[in-house]
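In: Quick one, structure for this:
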Amino acid sequence: MSTSHKPLDALAVGLMLLLCICWGLQQVAVKVALPIMPSTLQIALRSGAAALLVCVFMLWHRTEFSLSDGTLWPGMVAGVLFAGEFLCVSIGLNYTTASHMSVFLYSAPIFTVLALHWLVPGERLRLIQWLGVLLAFVGIVIALAAGFFDGDATRASLSGDVLGLLAALFWAVTIIVIKTTCLSTAAPSKTLLYQLGMATVLLLGFALATGQASIGRMTDVTWLSLFFQTVVIAFVSFLTWFWMLRRYLASRLTVFSFLTPLFGVGFGVLLLDDPVGWPFAIGAALVLAGIVMVNLRQS
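Out: Prediction:
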């Protein structure tokens with residue numbers, strides 16, 4: 001990022017709070033539509049529709065799109081990783097709660113900073129950040145271990161939680177690819193289009209191959225969920241996030257994004273009656289505390 005990036009102002013704080021609320025609702029929206037439409041198909045359809053919206057956006061802003069500028073292969077790799085992330089989310093939500101998925105998915109910064117420590121000299125970890133990694137790891141262990149005490153239902157939930165962690169790993173590697181290739185200087189809409197395009201093709205193919213392409217009778221709630229996922233999440237929120245990364249200090253924005261799991265757990269409890277036992281609550285708190293410690297920066 002260039003030195004022209006500035007600290008957060010009132011606009012940035014307001015936008016980040018809105019983004020965290022929207023991202024916290026993301027898993028809940030998928031879960032709500034599950035009885036009517038398989039989760040993998042949901043994410044494939046929302047990705048395809050959002051990709052079309054991004055194309056319209058790029059035409060409107062006359063954003064250049066060329067496959068010969070060196071972004072093709074990094075873009076495809078980022079797209080495959082993006083698809084892998086949401087495939088794990090879509091499958092995992094069949095076994096675990098939206099609250100659990102939100103916390104484990106947003107452990108991605110732990111994997112990101114560990115990779116950047118070795119790949120980017122300017123991202124070396126200090127002692128407090130290594131302690132944050134350890135704290136988050138302990139929290140993940142405690143949260144996962146909670147699943148061994150509730151019988152067969154928890155065993156299934158444990159599988160979903162592990163898929164949430166795998167999704168976080170995919171997300172972290174996606175960030176690494178974007179930050180270490182020519183995608184770092186590409187237009188945000190172009191990078192997003194690569195990811196949405198690959199997710200559409202791969203997830204739709206997976207849904208068809210596994211017999212998850214059937215759709216029940218659509219309800220108002222299902223339509224609302226798909227609209228929210230497509231327009232608010234996959235199109236508006238992602239483009240807003242990339243715009244903010246180019247305008248404001250990235251480290252300040254990242255700290256705000258850690259509110260997302262808290263909103264995710266809260267919405268899961270309020271809207272879906274997700275159970276949150278003490279072991280998971282303690283583990284989630286440790287994960288969030290560890291993530292904040294990892295992302296502390298020297299002034």
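
In: Can you give me the neighbour number for F242?
Out: Using other CB atoms under 10 Å, F242 has 17 neighbouring residues. Just so you know, the C-beta spots here come from the backbone N, C-alpha and C atoms, and that holds for glycine as well.

In: for it, what are its contacts?
Out: Taking CB atoms under 8 Å, 6 or more residues apart in numbering, we find F242 in contact with 188-189, 191-192.

In: C-terminal to the helix or strand where T112 lies, what's the next element?
Out: Per DSSP states H and E: T112 is located in helix 108-119. Toward the C-terminal end, the helix or strand that comes next after helix 108-119 (DSSP H and E) is helix 127-145.

In: Give me the distance between that next one and the centre of its chain.
Out: 20 Å (CA atoms, centre = their mean, to the nearest Å).

In: again, but for stretch 39-51
Out: 15 Å.

In: tell me the mean pLDDT for that stretch?
Out: Throughout stretch 39-51, pLDDT has a mean value of 95.

In: which outside residues touch that stretch?
Out: 30-31, 33, 86-87, 89-91, 93-94, 193, 196-197, 199-200, 203-204, 206-207, 210, 212-213, 215, 225-226, 229-231, 233-235, 238.

In: Equivalent analysis for stretch 164-180, please.
Out: Stretch 164-180 has contacts (CB under 8 Å, 6+ apart) with 74, 77-78, 81-82, 84-86, 88-89, 92, 96, 100-101, 103-112, 115-116, 119-120, 140, 183-184, 191, 195.

In: List the buried residues in it.
Out: Residues 164-179 are the ones in stretch 164-180 that count as buried (16 or more other CB atoms under 10 Å).

In: Show me which of these is closest to G290.
Out: A168 (13.0 Å; CB to CB).

In: which stretches of the stretch 51-200 of the chain form helices?
Out: Ranges of helices in the stretch 51-200 of the chain, per DSSP state H, counting those that start in this stretch, are 72-92, 98-105, 108-119, 127-145, 152-180, 188-209.

In: got the angle between the fourth one and helix 98-105?
Out: So the one you mean is helix 127-145. With axes from the mean of the first three to the mean of the last three CA atoms, to 10 degrees applied, the angle from helix 127-145 to helix 98-105 works out at 150 degrees.

In: so what does helix 127-145 touch, helix or strand wise?
Out: Helix 127-145 sits against helix 98-105, helix 108-119, helix 152-180, helix 278-294, with contacts defined as 3 or more CB pairs under 8 Å, 6 or more residues apart in numbering; DSSP states H and E.
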